[in-house]
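Visitor: Just need the structure, nothing else, for what follows:
(2 chains)
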Amino acid sequence: MERVAVIGVAQTKYEKGKRETFHELIFDVATRALADAGITVADVDNVVSVSSDFWDGRTISSMAIMDAAGAFGKDISTVEGDGTFGALYAMMRLLSGSFSVTMLCAHHKGSESNMNGITNTSFDPLVERKLGLDAISSGALQARRYMSRYNILEQQLAAVSVKNHGNAMRNPYAMLPMEITVDDVMNSTMLASPLKKLDCSPVCDGAAAMIIAAERNAKKLTTNKKRVWLKGVGHCTDAYRLGDRDLADTRALKQAARKAYAMAGVEPWDIDVAEVYDAFTYMEPMWLEGLGFCDDGMGPEYIERGVFNSDGDLPVNVSGGRLSANPVQVAGLAEMIECVLQLRGEARKRQVPGAEIALAQGINGMCGQSHCVWILGK
Amino acid sequence: MGKRVGIVGVGQTHHASHRLDASGVELIAESVTRALDDAEMSIDEIDAVVIGNMDHFENINYVDMWATDGLGSFMKPVFKVTTGGTTGTTVASCAYYHAASGLFDTVLAVGWEKNSESDTQAAIATCANPVLERDPFAGAIGPLATEYSMYMKAYGATEEDAAIVAARDRNNALKNPYAHNRMAVTVEDVMNSPMLSYPVKFLDMCPRSDGSCAVIFASEEKAKSLCARPAWIHASVVRHDYTHFGDLEWQWMPTLERATAIAYKLAGITNPLKEFDVAELYLPCSTTGVKWMDSFWFCDKGGAPKLIRSGVTHMDGKMPINPSGGVISCNPIGATALIRVGEAAWQIMGKAGDRQVPKVKKALATGFGGCSWSDVLILGADLP
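Guide: Residues are numbered from 1 along each chain as shown, chains lettered A, B, ... in the order given. Coordinates of the predicted model:
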């Protein structure tokens, strides 16, 4: 199979209340991603956008941004969901041999949206939606199940928030860099027990763009230093109804991860740096277990021992994670961009020394129903 | 360079204005089960799934997650693509790229809509820029009426020309058991139907329907082992150019001209009217069945009225258009363009029942949507 490389990346600072329109956000990141790759818009032969009609409050939400991504006269398409799934479609289009260089872009303005209402519409309209479930309350159910199944304490989960907000201090793109303590997390406002405000990712705005190219073009278009290879990918979905799942079980993630590792020819212990989808504190240890970095239920203990600290055996979410900035559709793409920067050695103050292989993981649906796992390498 | 890909199975629901007997997930399951039966496959043989519809019609977020039980996608790879009216062909081309990438051998593509649960025109209106365009460009009928008025003025096309297309498609639907509207209609009936927005009349315009369509794509070797006569994908091309409605060329259809020109080149088509044996076209209104003939390169600019009046596109003509009855007979929006692909595939596979066109070797299928956007797929009986 032909190899595919990331040749250019760009992202906005993630923050609340951005004044720029979707157009302007995408034009900014698309322009800077082209500059990062050292190519022009004429070198790009197709565009994949990631957007959501719900979050944008607009039917055919990609209509609003495609011209800003340089799509005029090109073959384009739109994935609705997390950026990691958009990257997957972007890669498929290159591997098919139909295209050479793909512009992938995603945008999100949480501060113009109603998070509770929009995530409530993810639930079955006849039964679960009426209960008022949304991302936070369903996350609370999952957190509670995870805690009870493996005897995990709230304080152990709070440690994730302390670690990731601390990591964000070294990431200029992050929205919430904070030096906080476990007590600060424990004393923050209760949103849905056991999730407190500092257990939850913030509403924020932002955009990101990534240019990927088939090997035949990647080598021609860029320098060795800029190229990062997409080595493996896997995606898989679990059952829809929360009641049909053991919410502490990560079987879909395990399957997606198995596929990504096999495709890349690596094992979990080969990974040097990982970005996982910590929309809530409890998600980080759960997903790390599903990704095979430790046994089921052992995630919080590993976090306490500092294994996943920025100076630990496997630095996780050195960007600050979703807890420090969660631009929903952009989130997984931002993870992949962080991996690219780490592998290029361009992550400045948060650089993990000698990173050769990185992992990014995105989710779709509530309580991580669906997962997309990426392995990137130098 | 990529793998060749063929369609090995097609399934669709019996579409209707109100499918009160089935939920959205049940409609999806109906089409998926029928596609699997058509391909003589089990759900276990499906490697990946892709689905599409329009969020604001049924108000369901993360449809790819919600539809798991109907899709049979439990513990399988799935994601959603969506582009408005073109969603069905967007799903089809996404499934094509899944298989052509070499990552998956068998891919299930599903498009669906349950418009009886939606305020369709209100939802469509929100595609326009909220500050500049949303008030003047509400809904789908106005822009279609505008573009045909301009075409009539420029080339002498008439309201009757559109009525000929409407009668053609609606009478074709009589032989399609899946179509939503099946009625014997004369040109006079169309002309006498209520005016919606000059020159578009009630019987010129598409309905909104409940329904789902599923199409199974397979990589070359797999397709050969699964199916005696797969419908091979010869080209898949998309053009979705948009800045603002006011910047569009209304007198012709630039995205369709560009998309078809490239698709024909990829598939080696030089004389489309002669080389295609059948076409399933996303014509949302009979007026487009006149005006867009130019942009399909079926005739010279302004030649469409003559072409339509000649009967060449009728069932007994040289290149029948819309044997299924087309979009004006059936329109479950997220499925509509995928039905075009599925019907074209059935024509090649010889499975189109009473609406079968004899000896189909090459077929054209298209999607329309967004802001005058065009998707084009070319299917063939022979390997590309």
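
Visitor: switch to C-alpha atoms for all contacts and neighbour counts from now on
Guide: OK.

Visitor: which residues touch B:D375?
Guide: B:T86, B:T89, B:T90, B:S236, B:V237, B:V238, B:R239, B:L256, B:A259, B:T366, B:G367, B:F368 (C-alpha atoms under 8 Å, 6 or more residues apart in numbering or on different chains).

Visitor: mean confidence score for the helix or strand harbouring the fifth one?
Guide: It refers to B:V237. Element membership for B:V237, per DSSP states H and E: strand B:231-239. Here strand B:231-239 scores 97 as its mean pLDDT.

Visitor: what lines up beside that strand in the sheet?
Guide: Partners of strand B:231-239 in the sheet, by DSSP bridges, are strand B:5-12 (antiparallel), strand B:373-380 (antiparallel).

Visitor: Need these in CSV (columns: mean pLDDT and distance to B:V165).
Guide: CSV is the format used below for the strands paired with strand B:231-239 (pLDDT from 0 to 100; distance: least, C-alpha to C-alpha, whole Å):
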stretch, mean pLDDT, distance to B:V165
strand B:5-12, 98, 24
strand B:373-380, 97, 20
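
Visitor: can you pull out the helices in the stretch 201-350 of chain B?
Guide: Here the stretch 201-350 of chain B has its helices, by DSSP state H, counting those that start in this stretch, at B:220-226, B:254-267, B:272-275, B:288-291, B:304-310, B:333-349.

Visitor: between the ones you listed, which one is nearest to chain A?
Guide: Chain A lies closest to helix B:254-267 among those, at 8.2 Å (C-alpha to the nearest C-alpha).

Visitor: so the closest one versus strand B:373-380, what angle?
Guide: Comparing the axes of helix B:254-267 and strand B:373-380 via axes from the mean of the first three to the mean of the last three C-alpha atoms, to 10 degrees yields an angle of 20 degrees.

Visitor: How far off centre is the helix or strand containing A:S161?
Guide: According to DSSP H and E, A:S161 maps onto helix A:154-168. The chain centroid and the centroid of helix A:154-168 are separated by 18 Å under C-alpha atoms, centre = their mean, to the nearest Å.

Visitor: and A:F72, how many neighbours?
Guide: 17 (other C-alpha atoms under 10 Å in any protein chain shown).

Visitor: is it true that it lies in a strand?
Guide: No: checked against DSSP: H, G, I helix; E, B strand; the rest coil, A:F72 lies outside a strand; its state is coil.

Visitor: got a list of what the nearest residue to it once chain neighbours are set aside touches?
Guide: Nearest residue to A:F72 in three dimensions, chain neighbours excluded: B:D241, at 5.2 Å (C-alpha to C-alpha, 6 or more residues apart in numbering or on different chains). Listed by C-alpha under 8 Å, 6+ apart, the contact partners of B:D241 are A:D67, A:A71, A:F72, A:G73, A:K74, B:T255, B:C371, B:W373.

Visitor: What segments of the stretch 151-300 of chain A are strands?
Guide: Applying DSSP state E, counting those that start in this stretch to the stretch 151-300 of chain A gives strands spanning A:190-192, A:195-196, A:205-214, A:228-237, A:273-275.

Visitor: Point out the most buried one among those strands.
Guide: The highest mean neighbour count among these, using mean count of other C-alpha atoms under 10 Å in any protein chain shown, belongs to strand A:205-214: a mean of 29.
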